[in-house]
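[1] Here is the input, now give the coordinates:
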Amino acid sequence: MAAWISADLSLHGVRLHYYRTGGSKPAVVLAHGFSDNGLCWTPVAQALEAQYDVVMYDARGHGLSDLPEAGADGDVAPADLAGLVQSLGLDKPALMGHSMGAGTVAGAAAATPTWRAVWCSKTPAGAPKASFPRRRSERPGPSACARTCCGSRR
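    Model (predicted):
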């Protein structure tokens with residue numbers, strides 16, 4: 001983690017903080033759940049950084065990102081994610097989200113069909129559940145990350 005990038009960018013009048021493993025590898029953007037921050041994905045990023053440029057960001061009002069006085073609602077989260085991807089110059093990134101981040105990823109991927117998305121959440125019984133695109137060829141390489149993230153929260 002020592003070589004990871006830790007930086008801020010300004011989107012929609014809000015400072016968003018992110019961590020990035022870097023490199024010219026395919027990009028994977030990880031969106032965290034409610035009351036968490038981007039670093040909750042550290043074990044997943046460590047497992048992926050040899051093959052992927054992993055970006056973990058703090059959603060507005062979480063971690064080191066700003067919370068505007070007006071607060072934050074679910075409508076701006078996909079726009080923040082899309083702005084982050086555009087600002088960092090990521091080309092067709094894979095997106096992965098957990099809990100609140102799952103909704104963010106789903107919203108951003110729906111608005112940008114060229115992106116690949118995976119999201120996971122807990123079922124009421126507490127078992128992990130992962131959702132993937134229908135065609136195997138569209139699944140991002142790190143599909144096991146959903147199991148890793150949710151599995152660590154049992």
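
[2] OK, contacts around Leu39?
    Counting by Cβ atoms under 8 Å, 6 or more residues apart in numbering, Leu39 makes contact with 19, 56, 63. Quick note: C-beta positions are derived from backbone N, CA and C, even for glycine.

[3] Could you give the secondary structure assignment for the first one?
    Using DSSP: H, G, I helix; E, B strand; the rest coil as the criterion, the local structure at Tyr19 reads strand.

[4] does it really touch Glu49, like I thought?
    No. When contacts are counted by Cβ atoms under 8 Å, Tyr19 is not listed as touching Glu49 (10.8 Å).

[5] Who has more neighbours out of these two?
    Tyr19 (24 against 19; other Cβ atoms under 10 Å).

[6] separation between that one and Glu69?
    In this view, Tyr19 and Glu69 are 26 Å apart by Cβ to Cβ, to the nearest Å.

[7] what do you get for Ala117?
    Going from Ala117 to Glu69 by Cβ to Cβ gives 31 Å.

[8] When these two are compared, which one has more neighbours?
    In terms of neighbours (other Cβ under 10 Å), Ala117 is the more surrounded of Ala117 and Glu69; the figures are 27 against 5.

[9] Not including adjacent chain positions, what is the nearest residue to the more buried one?
    Leaving aside its sequence neighbours, Ala117 sits nearest to Ala109 (Cβ to Cβ, 6 or more residues apart in numbering; 3.6 Å).

[10] Distance from the helix or strand that neighbour falls within to the middle of the chain?
    Assigned by DSSP states H and E, Ala109 falls within helix 100-111. Counting by Cα atoms, centre = their mean, to the nearest Å, helix 100-111 is centred 9 Å from the centre of its parent chain.

[11] List every C-alpha atom in that helix, with coordinates, as CSV.
    Output in CSV follows, covering the C-alpha atoms of helix 100-111 (Å, rounded to 0.1, in the frame of the first residue of the first chain):
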residue,chain,number,x,y,z
MET,A,100,-24.7,1.6,-0.8
GLY,A,101,-21.9,1.3,-3.4
ALA,A,102,-23.9,-1.3,-5.3
GLY,A,103,-26.6,1.2,-6.0
THR,A,104,-24.0,3.7,-7.1
VAL,A,105,-22.4,1.2,-9.4
ALA,A,106,-25.7,0.1,-10.9
GLY,A,107,-26.8,3.7,-11.5
ALA,A,108,-23.5,4.7,-13.1
ALA,A,109,-23.3,1.5,-15.3
ALA,A,110,-26.9,2.0,-16.4
ALA,A,111,-26.0,5.4,-17.6
